[in-house]
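Peer 1: Show me the folded form of this:
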Amino acid sequence: MLEWLLLPYAEDITLFNLLNYITFRTGGALMTALVIAIFGGAPFIRWLKKKQREGQPIREDGPERHVIEKAGTPTMGGFLILVGIVVGTLLWGDLTNQYLWVVMFVTVGYGAIGFVDDYRKVTQRSTAGLSGKAKLLLQFVIGGIAVWWMTNLLGQAPGVPDGFATSVAVPFFKDVLIPLGFGLFLVFGTLVIAFASNAVNLTDGLDGLAIVPVMIAAASFGFIAYIVGNAIFADYLQLNFTPGTGELAVFCGALLGASLGFLWFNAPPAMVFMGDTGSLSLGGALGTIAVAVKHEVVLAIIGGLFVLEAVSVMVQVASFKMFGKRVFRMAPIHHHFEKMGWQEPTIVVRFWIIAVILALIGLSTLKLR
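Peer 2: Model prediction:
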């Protein structure tokens, strides 16, 4: 919006020329979202406590200490993150760029699903919330629309090879593309977005555990979007150029800033939980960006911690249904380590370290080809 309002006056006020640079606007979006989250956090949490006198319902089958230590903590803190992201992106982004609107569509849409889920949990005093089938159906519908939208955008972009929009790039290989065709890619892209959303949701079980890996992934994909959206940089690194996606760096900046501000209040002991309002929307945003920049497989590396958490749940459920035995003491896997006697801060910090390592491995795919 600022670009649209102020750039016409750049000839008279040279400072406004900075708005031509994605890097500058990314920094502006980050700082705007950070300020909103930091200064809006305290009054928002006070308001949530008035509305949620008993806080988020705690799983009865979860670690025993959670009932004592986390009872009464309000949820839906993800709404604060969403406000920071939306305002930061609208203020500093190029609003003519459709990729921004696609990612915003998924982020807000998934946030709405999470909000309904959180609201039901709080009002009904149950951990059930919205049914799993209903959540998945809504996620697939929103994700499917987004993938169709992005596929058309890339397919119609000038200079893009035929079939590239519906192909999957393989990391570490500069020329390897797996053509899926429109139908199969629509399914694949939708699954990537929905899986990323639910994987982040499963990771959000300890104070600060999910938000920092989300920040790491956002920073990584902001860099990737900036690189692959620039024809010169993409050519130099032998990456597939995806016109228009560089603007997603601004969105990633807003996401990073809002998440950083939220961490101020979510750091142990948490004053507020992000809830499904935050986790579903943030995971959906990361999945959508990965599809947009054609780095879906790299998301599985950079977001490997989220994959590990989700897979641990799938393995646990499959093992119990097929053999009547549990592989882990409790799933997701962070609860397994709690049952083993690890302290919460130990688990959280070690998982953060893993997230950093995986991000470095994922970013190495940009050069190792």
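Peer 1: chain center to the helix or strand that contains Ile85: distance?
Peer 2: Assigned by DSSP states H and E, Ile85 belongs to helix 78-92. Taking C-alpha atoms, centre = their mean, to the nearest Å, the mean C-alpha location of helix 78-92 is offset from the chain mean by 13 Å.
Peer 1: try stretch 206-226
Peer 2: Relative to the mean C-alpha coordinate of its chain, stretch 206-226 is positioned 7 Å out (C-alpha atoms, centre = their mean).
Peer 1: Need the mean per-residue confidence for that stretch.
Peer 2: Averaging pLDDT along stretch 206-226 gives 96.
Peer 1: Then stretch 116-123?
Peer 2: Per-residue pLDDT over stretch 116-123 has a mean of 86.
Peer 1: And for stretch 244-257?
Peer 2: For stretch 244-257, mean pLDDT rounds to 97.
Peer 1: In terms of pLDDT, where does Arg46 sit?
Peer 2: Note on Arg46: pLDDT of 91.
Peer 1: what's near enough to touch it?
Peer 2: For Arg46, the set of contacting residues under the criterion of C-beta atoms under 8 Å, 6 or more residues apart in numbering is empty. No exception for glycine: its C-beta is placed from N, CA and C like everyone else's.
Peer 1: Helix 78-92 and the one helix or strand it maps to, what's the angle between them?
Peer 2: Under the assignment given by DSSP H and E, the secondary-structure element containing Arg46 is helix 22-51. For helix 22-51 and helix 78-92, the angle between their directions (axes from the mean of the first three to the mean of the last three C-alpha atoms, to 10 degrees) works out to 150 degrees.
Peer 1: Pull out the buried residues from helix 22-51.
Peer 2: Along helix 22-51, the positions that meet the burial threshold by neighbour count (16 or more other C-beta atoms under 10 Å) are 22, 25-30, 32-38, 41, 44-45, 48.
Peer 1: got it, and stretch 138-150?
Peer 2: Judged by neighbour count (16+ other C-beta under 10 Å), stretch 138-150 contains these buried residues: 138-139, 142-144, 146-150.
Peer 1: quick revisit: tell me the helices and strands packed up against whatever helix or strand comes next after the helix holding Ile85.
Peer 2: Toward the C-terminus, helix 78-92 is succeeded by helix 98-124 as the next helix or strand (DSSP H and E). Secondary structure elements in contact with helix 98-124, counted by 3 or more C-beta pairs under 8 Å, 6 or more residues apart in numbering; DSSP states H and E, are helix 78-92, helix 132-156, helix 181-203, helix 248-266, helix 275-292.
Peer 1: For helix 98-124, buried residues please.
Peer 2: 99-100, 102-122.
Peer 1: same check, this time on stretch 257-277
Peer 2: Of the residues in stretch 257-277, those buried under the neighbour-count criterion (16+ other C-beta under 10 Å) are 257-263, 265-266, 270-277.
Peer 1: mind checking which helix or strand of this structure has the lowest mean pLDDT?
Peer 2: Taking mean pLDDT, DSSP states H and E as the measure, the helix or strand of the chain with the lowest value is helix 64-69, at a mean of 55.
Peer 1: Quick one: neighbours of Ala194, just the number.
Peer 2: Applying other C-beta atoms under 10 Å, we find 23 other residues in the vicinity of Ala194.
Peer 1: ok, for it, nearest residue in space, not its chain neighbours?
Peer 2: Taking C-beta to C-beta, 6 or more residues apart in numbering, and ignoring the residues beside it in sequence, Ala194 has Gln139 as its nearest neighbour in space, at 4.5 Å.
Peer 1: What is the burial count for the closest residue to Gly28 other than its chain neighbours?
Peer 2: Spatial nearest neighbour of Gly28, chain neighbours left out: Trp92 (4.5 Å); criterion: C-beta to C-beta, 6+ apart. Using other C-beta under 10 Å, Trp92 is surrounded by 26 other residues.
Peer 1: separation between Trp92 and Ala29?
Peer 2: In this view, Trp92 and Ala29 are 4 Å apart by C-beta to C-beta, to the nearest Å.
Peer 1: and for the two, which residues touch both?
Peer 2: Taking C-beta under 8 Å, 6+ apart as the criterion, Trp92 and Ala29 both touch 250, 253-254.
Peer 1: May I ask which of those residues has the most neighbours?
Peer 2: Ranked by neighbours (other C-beta under 10 Å), the shared contacts of Trp92 and Ala29 are led by Ala254, which has 34 neighbours.
Peer 1: who's in contact with it?
Peer 2: In this structure, Ala254 makes contact with 29-30, 32-33, 84-89, 92, judged by C-beta under 8 Å, 6+ apart.
Peer 1: How about Pro213?
Peer 2: Neighbours of Pro213 in contact, by C-beta under 8 Å, 6+ apart: 203, 303, 305-306, 351-352, 355.
Peer 1: now do 7 Å
Peer 2: With contact taken as C-beta atoms under 7 Å, 6 or more residues apart in numbering, Pro213 is in contact with 203, 305-306, 352, 355.
Peer 1: wait, which of the residues you listed is closest to Gly341?
Peer 2: When the contacts of Pro213 are compared for distance to Gly341 (C-beta to C-beta), Trp352 wins out at 19.8 Å.
Peer 1: gap between the closest residue to the closest one other than its chain neighbours and Gly155?
Peer 2: Of all residues beyond its chain neighbours, the one nearest Trp352 is Val212 (5.0 Å), with distances taken as C-beta to C-beta, 6+ apart. Val212 sits 36 Å away from Gly155, taking C-beta to C-beta as the criterion.
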